[in-house]
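K.L.:
sequence? don't have it. structure:
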């Protein structure tokens, strides 16, 4: 039996791997000239061969699927680290985020003031418990925290770039479900997807334009070719999926779920700096800002005392997320102010996911009735199956969730085979 997989990101590649292991004849169609989707890594722009993760970077404790795949394929990880410290009592709350170095209004918040802000937020969380769906900025007003605390928490929302912090609910940052223990891939995030792609029949630069259901299965049309198969697995992000023509059209419940799931918008900025040891000594792995770069974290010190710093740039309409030099200057400012070390940039790169046709944004924004939405997003329509980080019921929006969803979609294809026998 034959299956076409649309998209060679982590979800599509894992679906293809499972199906091939079960004897399926699988063809993977990828619109880009490379595999990996939003796990893309650039290895040409930074000095000394250092990898620049343009998209997904972090693996969290508990993301056992991607950790297992890395172990299976021999992919090395960096030493583990934390994105933020625990509270004094060992718990993790929204206040944990603001225990990192912060740059507010262009100045680094001194350690004493940072502790006071964190304690203020911690007390407010107890005195005015937030609802998970309550927007962060709405809670800061209801709880009556100071302007400094409000500004700090607005910066925390930059972990998932959005056009405005008011779009992020408290459930995304309190209690934090990610960041307590994390790893990066030593040779860049796409080292795992490139390894996953080995041995698969992958056709690059084949953007899918139409999926037609027929009596015998499906027909998939790209700009240059037509493919017929028994089943198709659509492993593309939300926005590109909406750009595919379906004949017959998707049922209302399916199209409605896709239209109800916007994608966060923004860019990833990566700078490589000299004096890496000095920067690392002055900073823990993460720092927050309230300007154009909202969150940054570092890799370990690299060759010739260089260090790679990665940051998020929300698309807030000021042009920074589309302008590489402007974004790098903003990152320079944050590195310099947060560390107190001159930011002597060796090289840098900006990846604007908002303007990437085959990504449509950074990650899905499953902020509403996410359990119901994920079930609808994951549900198949006859021989058309769906996967991707937005469909995952565990670790949604993460690489691990994408891989899990690919495995789930492959199982659904195989179950459909059994039901038709």
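P.N.:
Here it is on my side, so go on. For clarity, every value in this text was computed on a predicted model and none was experimentally measured.
K.L.:
what about the closest residue to residue 307 other than its chain neighbours, how many neighbours?
P.N.:
The shortest distance from residue 307 to any non-neighbouring residue, by C-beta to C-beta, 6 or more residues apart in numbering, is to residue 276 (3.2 Å). Every C-beta, even on glycine, is put in place using the N, C-alpha and C of the backbone. By the other C-beta atoms under 10 Å criterion, the neighbourhood of residue 276 contains 23 residues.
K.L.:
what do you get for residue 141?
P.N.:
Neighbours of residue 141 (other C-beta under 10 Å): 10.
K.L.:
for residue 244, same thing?
P.N.:
Residue 244, neighbours per other C-beta under 10 Å, totals 17.
K.L.:
any idea of the pLDDT on residue 111?
P.N.:
Looking at residue 111, its pLDDT is 90.
K.L.:
re earlier: relative to residue 302, how far out is the residue nearest to residue 307?
P.N.:
Distance, residue 276 to residue 302, using C-beta to C-beta, to the nearest Å: 7 Å.
K.L.:
returning to that earlier point: show me the contacts for the residue nearest to residue 307.
P.N.:
301-302, 305-307 (C-beta atoms under 8 Å, 6 or more residues apart in numbering).
K.L.:
So which of the residues you listed is the closest to residue 41?
P.N.:
residue 302 (14.7 Å; C-beta to C-beta).
K.L.:
Can you say which helix or strand has residue 115 in it?
P.N.:
helix 111-127 (DSSP states H and E).
K.L.:
Buried residues, that helix. List them.
P.N.:
114, 117-122, 124-125 (16 or more other C-beta atoms under 10 Å).
K.L.:
May I ask you to confirm that residue 364 is in contact with residue 263?
P.N.:
Yes. Look at residue 364 against residue 263 with C-beta atoms under 8 Å: they come within range, at 5.6 Å.
K.L.:
Who has more neighbours out of those two?
P.N.:
residue 364 (28 against 21).
K.L.:
mind listing what that one touches?
P.N.:
The contact partners of residue 364, by C-beta under 8 Å, 6+ apart, come to 237-238, 261-264, 388-390, 396-397.
K.L.:
so what's the backbone phi/psi at it?
P.N.:
Backbone torsions for residue 364, taken as degrees, to the nearest 10, come to phi -70, psi 150.
K.L.:
what are the phi and psi values for the closest residue to it other than its chain neighbours?
P.N.:
Leaving aside its chain neighbours, residue 364 sits nearest to residue 390 (3.6 Å; criterion: C-beta to C-beta, 6+ apart). Residue 390 has phi and psi values of phi -80, psi -10 when expressed as degrees, to the nearest 10.
K.L.:
got it, and residue 25?
P.N.:
When read as degrees, to the nearest 10, the backbone of residue 25 gives phi -90, psi 110.
K.L.:
Closest to residue 144 out of the buried residues of helix 111-127?
P.N.:
Distance to residue 144 across the buried residues of helix 111-127 (C-beta to C-beta) is lowest for residue 124, with 7.3 Å.
K.L.:
and that closest one, what does it touch?
P.N.:
143-145, 149.
K.L.:
Could you measure from it over to residue 90?
P.N.:
For residue 124 relative to residue 90 (C-beta to C-beta), the value is 20 Å.
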